[in-house]
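K.L.:
Return a 3D structure for these sequence lines:
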Amino acid sequence: MSIRIGIDVGGTFTDFLVIYPDGQRRIHKTSSVPSNPPLAVYNGLQEIAALDDTSIEDFLAGVELIVHGTTVTTNALLTRRGPKTALLGTEGFRDVLPMRHGTREEPYDNRLEQPDSLVPRHLRLPVAGRLDYKGDEVTPLSEQDVRDAVAVLQEQDVESVAISFMHSHASTVHEDRAAQIVAELMPGAYITKSAELLGQARYYERTSTAVLNSYAGPIISSYLSTLMELLAEVRFEGVLLMMQSNGGVATPDQLARRAALSLLSGPASGPTAGLLVTATHGWNSCITVDMGGTSFDAAVVKDNKPLVMTDGEIDRWSVALPAVDIHTIGAGGGSIASVDEGGLLRVGPQSAGAVPGPACYRRGGVHATTTDADVVLGYIDPDTFLHGQIGLDREAAVKAIKTDVADPLGLSVEEAAAGIYEIVNVNMAAGVRDITVRRGLDPRDFPIVVAGGAGPVHAAAIARELEIPVLITPRDSSIFCAAGMLVCDFKHDYVQSANQRLENLDAGTLVAAWKEMAADGLNTLLAEGVDEADISFVPSVDLRYKGQWYELNLEVDPANLEAPNVAEFAEAFHREHEALFGYNNFEMPIDLLNIRLSAVGRTPNDRVTLSGTISGGALPEPKRRNIWSPLQHRMVKADVHQGAAMGPGEEVEGPAIIELGTTTIVVLDEYNTVVDANGSFVMYLRDQKDQIRARLSLS
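P.N.:
Predicted structure coming up:
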């Protein structure tokens, strides 16, 4: 058994979890390098090698696997720093992107502006040719239009091209020929065929997804190329896998072809890892929250599976590929606090990021941030932050908060810092509420699994806002997504449009579609090195009542893959519709829109656990320091415990602090925290102690 490494490249820090052959683990963080993200991976590996007292070449010689997630494409999209991208579309539909569905996102907001387009109108070029909804040709493809469009793209130095024609999901013949011409005339261009990427109806969604894929493609390709060159220079010969936004992993080649799946790859492993944490205590559902330096991510795991969406958005543009349903907001340790013109305190979404960072980092940052507030409130010790690797400047935090918030609002510095803390917590609680309530779920029914370097500082306040009684903070919370990447399986998703009445569906047609997709999935997974015995398939269907705009995805028992019971689909759809929307209609016909299948290749994740290392030895006496009590609305004396030394059964009563080197757990007044059998920290409402502790596994 060799070394395995999970790496999560974030906006502020790049996280590493190293698992050695003897089971020992090393947590490491290094500053991200926004100008050259692969360099942060290289720097971190070099730093880890130095800590092991060896060269990076010798260290990597013993590394079997690196699983890696990154937000590089997301950040490029949000900041519009991607390549010049063009769209070839059906004549007469040049403005499908700005027109979207033909309706306003917010009907009553007359000030809402369109987001900046990834493809300006002069690069959205029409091509004559038309297929009908069955895929039969109505008008031949104008190859001359394609060549004329390419001439324009070459003049404009376009790097990437999306091709999306009406009804191409029913027949790819026009897109295939157009792509062939473009490839011949622009051999270096990145090309996306919409139907190959997403073979389903709805022209806007398919077009938007294709454009996002082409926009992200050169970015992730360049990133992976640079990363693999750096790894090759230091003679890495192990396996490199990339995290996808659908919660699975893939080889770099596969991800480069389906680049849109990299847009939410960073936090996608969190829900899978969260399930392993809660399973110890018998929970098969949970909410995962991950608060880092730049953003806050929330997701739901229900009945042993992360909830997945096929109608997601990023920066208000549709991305219809299956993805773990993650709600992301601009709330992190680097979120900037300010007072607006109306005298209201706001926190985020602007972030100080890694450079210059919060004021207390002493890297040139001058604006008050969430981290500065956490330092002023006593939650973070400036001397022990990240094991003391980054000494924080409390006076700089005080100065920034006084200038930006306290003086404009006429508050003390502590009151202003408490205001920052409370507002960012309310924002994050709203994010959790959104991802649960809109699915008909009550957040109080789920334990929270807390991740991210800043997550444990704020999680109790979020739970308090939502009336959630239980939180679990893994010992490796600060690098939780990096750890989760090592337990995720290969996964590839396929879809075919059906668009027919469910009651008229021929089961043979359904089976034939699933078998075709399964064959594609099998070949892809075998090419990635997965053993056939480790491959499984998860079929599903998209259903809706006649006339509805949105559909529900219903998973089908793989045991019924050969002989599906269509009547059971209807019964399940009625139940799910009532759970989500509060009603169903047994008399309304049901339409089948899409047939889906996920091909899953199991990875050997049995060698990875998410329990951290307990240092052992005598538990030192807690220190004491002043921290802010939201309940008492003042600074109070609280015990500060060394979390690394706390073993199973050790309990702490709030208000208190538990320091873990790479993160800090804030235990609010109403909560207790106990260490479970895996070394995780379970926080619970004190008035529910007997009820909650009865189900916990503590030894």
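K.L.:
where along the stretch 401-550 of the chain do the helices fall?
P.N.:
Secondary structure of the stretch 401-550 of the chain (DSSP state H, counting those that start in this stretch): helices at 407-409, 413-437, 455-466, 480-485, 507-527.
K.L.:
can these go into CSV with extra columns for mean neighbour count, distance to residue 675 and mean pLDDT?
P.N.:
The way it works is simple: take the backbone N, C-alpha and C, and place the C-beta from them, glycine included. CSV is the format used below for the helices of the stretch 401-550 of the chain (neighbours: other CB atoms under 10 Å; distance: least, CB to CB, whole Å; pLDDT from 0 to 100):
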stretch, mean neighbour count, distance to residue 675, mean pLDDT
helix 407-409, 14, 40, 94
helix 413-437, 21, 25, 94
helix 455-466, 25, 14, 94
helix 480-485, 32, 17, 84
helix 507-527, 16, 39, 92
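K.L.:
for the stretch 301-450 of the chain, which spans come out with low pLDDT?
P.N.:
Residue ranges of the stretch 301-450 of the chain with pLDDT under 70: 354, 387-389.
K.L.:
ok, back up a step: out of the helices of the stretch 401-550 of the chain, the one nearest residue 317 is which?
P.N.:
helix 413-437 (18.9 Å; CB to CB).
K.L.:
Show me how far that closest one is from its chain's centre.
P.N.:
20 Å (CA atoms, centre = their mean, to the nearest Å).
K.L.:
what's the answer for stretch 490-501, then?
P.N.:
Counting by CA atoms, centre = their mean, stretch 490-501 comes out at 22 Å from the chain centroid.
K.L.:
how close does residue 243 get to residue 21?
P.N.:
23 Å (CB to CB, to the nearest Å).
K.L.:
cool, residue 580 as well?
P.N.:
47 Å.
K.L.:
Tell me how many other residues crowd residue 214.
P.N.:
Residues within reach of residue 214, counting by other CB atoms under 10 Å, total 31.
K.L.:
what residue ranges in this protein score low on pLDDT?
P.N.:
1, 354, 387-389, 604-618.
K.L.:
Tell me which residue lies nearest the centroid of it.
P.N.:
In the chain, the centroid-proximal residue (CA atoms, centre = their mean) is residue 267; its distance is 3.1 Å.
K.L.:
How about that one, nearest residue that isn't a chain neighbour?
P.N.:
In this structure, residue 267 finds its nearest non-sequential neighbour in residue 297, 4.0 Å apart by CB to CB, 6 or more residues apart in numbering.
K.L.:
And the one you found, which helix or strand is it part of?
P.N.:
According to DSSP states H and E, residue 297 maps onto strand 296-302.
K.L.:
What residues are bridge-paired with the residue nearest to residue 267?
P.N.:
residue 290, residue 328 (DSSP bridges).
K.L.:
what about residue 143, distance to residue 29?
P.N.:
For residue 143, the distance to residue 29 - CB to CB - is 54 Å.
K.L.:
quick one, which of these two is more surrounded?
P.N.:
residue 29 (23 against 15).
K.L.:
The helix or strand where that one lies - contacts with which helices or strands?
P.N.:
Taking DSSP H and E as the definition, residue 29 sits inside strand 25-31. Packing partners of strand 25-31 (3 or more CB pairs under 8 Å, 6 or more residues apart in numbering; DSSP states H and E): strand 13-19, helix 37-51.
K.L.:
what's the following helix or strand after the last one?
P.N.:
So that's helix 37-51. Following helix 37-51 in sequence, per DSSP H and E, is helix 56-61.
K.L.:
how far is that following helix from where the chain is centred?
P.N.:
30 Å.
K.L.:
before we move on, what about stretch 185-197?
P.N.:
26 Å.
K.L.:
For that stretch, C-alpha coordinates in CSV please.
P.N.:
Extracted in CSV, the C-alpha atoms of stretch 185-197 (Å, rounded to 0.1, in the frame of the first residue of the first chain):
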residue,chain,number,x,y,z
LEU,A,185,-10.3,25.0,-40.2
MET,A,186,-9.4,25.8,-36.5
PRO,A,187,-7.3,22.8,-35.4
GLY,A,188,-6.3,24.4,-32.1
ALA,A,189,-9.8,25.3,-31.0
TYR,A,190,-11.7,23.7,-28.1
ILE,A,191,-15.0,22.4,-29.5
THR,A,192,-18.2,21.4,-27.7
LYS,A,193,-21.1,19.7,-29.4
SER,A,194,-24.2,20.3,-27.3
ALA,A,195,-25.9,17.0,-27.9
GLU,A,196,-22.8,15.0,-27.3
LEU,A,197,-22.4,16.8,-23.9
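K.L.:
buried residues in it?
P.N.:
186, 189-197 (16 or more other CB atoms under 10 Å).
K.L.:
go on, stretch 627-639?
P.N.:
Quick answer for stretch 627-639 (16+ other CB under 10 Å): 627-630, 635, 638-639.
K.L.:
Could you tell me the end-to-end distance of that stretch?
P.N.:
10 Å (CA to CA, to the nearest Å).
K.L.:
check contacts around the closest residue to residue 537 other than its chain neighbours.
P.N.:
Leaving aside its sequence neighbours, residue 537 sits nearest to residue 518 (CB to CB, 6+ apart; 5.1 Å). The contact partners of residue 518, by CB atoms under 8 Å, 6 or more residues apart in numbering, come to 537, 597, 599.
K.L.:
Format the residues you listed as TSV; extra columns: neighbour count and distance to residue 441.
P.N.:
Below are these laid out as TSV (neighbours: other CB atoms under 10 Å; distance: CB to CB, whole Å):
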residue	neighbour count	distance to residue 441
537	17	27
597	25	26
599	24	28
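K.L.:
ok, the residue nearest to the centre of the chain - contacts?
P.N.:
69, 290, 297, 299, 324, 326, 328, 481.
K.L.:
before we move on, what about residue 254?
P.N.:
Counting by CB under 8 Å, 6+ apart, residue 254 has contacts 492, 524, 528.
K.L.:
Now do the lengthiest helix in the chain against helix 37-51, angle only.
P.N.:
For the chain, the helix with the greatest residue count under DSSP state H is helix 203-233. Here the directions of helix 203-233 and helix 37-51 differ by 40 degrees (axes from the mean of the first three to the mean of the last three CA atoms, to 10 degrees).
K.L.:
buried ones in helix 203-233?
P.N.:
Quick answer for helix 203-233 (16+ other CB under 10 Å): 203-221, 223-224, 226-227, 230-231.
K.L.:
I'd like the next helix or strand past it.
P.N.:
strand 239-243.
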